[in-house]
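A.B. asks: coords please:
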Amino acid sequence: MEIMKPRASFLRLLFAANPDLLPGDSDKVTGTAIIREINIARQNPTLYANFLEQTRQNYAGRVRLMAGRLPVCPQEGVHAVDEAIRFLRHARPFPALVLAPGLSSAAADHCREQTGGVVGHHGCDGAMQEAELVVTA
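C.D. replies: Predicted coordinates for the structure are as follows:
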């Protein structure tokens, strides 16, 4: 079985494509919202490609213009939209993802530790993240 993996720019595009999840509305971005948006693309890639083709019309070079909002300038610009459309046109549907509470809890713990300037895959206690997942799950 061949698994097509989108580049990181595709995941960033998911959020840029949905005006309700723009940085100015960051209080609306939840794990559930992210999973919901990804699942739309996973379960019906053709529908999401159509959505992105409509979104593409709002680009002027690297700038995305939306009525009633400030212009957004994603680093990748319209090329990421084109890449995502090509990827989705060849992708087959996949089942929905579900939010895993244990994994979400471990990720939240890891983010809290990272805010203190600590980076890497070890927790403050020196444990690897895989160990935290076993304990948290």
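
A.B. asks: what helix or strand does residue 67 sit in?
C.D. replies: Remark: residue 67 resides in no helix or strand, with elements defined by DSSP states H and E.

A.B. asks: measure it to residue 37 for me?
C.D. replies: Taken as CB to CB, to the nearest Å, the spacing of residue 67 relative to residue 37 amounts to 21 Å. Yep, even glycine has a C-beta here, placed from its N, CA and C like the rest.

A.B. asks: Please identify which of these two sits among more neighbours.
C.D. replies: Under the neighbour definition other CB atoms under 10 Å, residue 67 and residue 37 were set side by side, and residue 37 has more, 19 against 6.

A.B. asks: and that one, that's in a strand?
C.D. replies: No. The assignment for residue 37 by DSSP: H, G, I helix; E, B strand; the rest coil gives helix, which leaves it out of any strand.

A.B. asks: Please determine how far it is located from residue 110.
C.D. replies: Relative to residue 110, residue 37 is positioned 22 Å away (criterion: CB to CB).

A.B. asks: can you list the domains in this structure?
C.D. replies: Split into domains by automatic domain parsing, the chain comes to 8-90, 101-136.

A.B. asks: Any idea how many residues pack against residue 83?
C.D. replies: Neighbour count for residue 83, taken as other CB under 10 Å: 17.

A.B. asks: Check the secondary structure at it for me.
C.D. replies: The three-state assignment at residue 83 reads helix, by three-state DSSP.

A.B. asks: and residue 55, what helix or strand is that in?
C.D. replies: In the assignment (DSSP H and E), residue 55 maps to helix 45-56.

A.B. asks: buried sites along whatever helix or strand residue 80 lives in?
C.D. replies: Per DSSP H and E, residue 80 falls inside helix 78-90. When burial is assessed from 16 or more other CB atoms under 10 Å, helix 78-90 yields the following buried residues: 78, 80, 81, 83, 84, 85, 87, 88.
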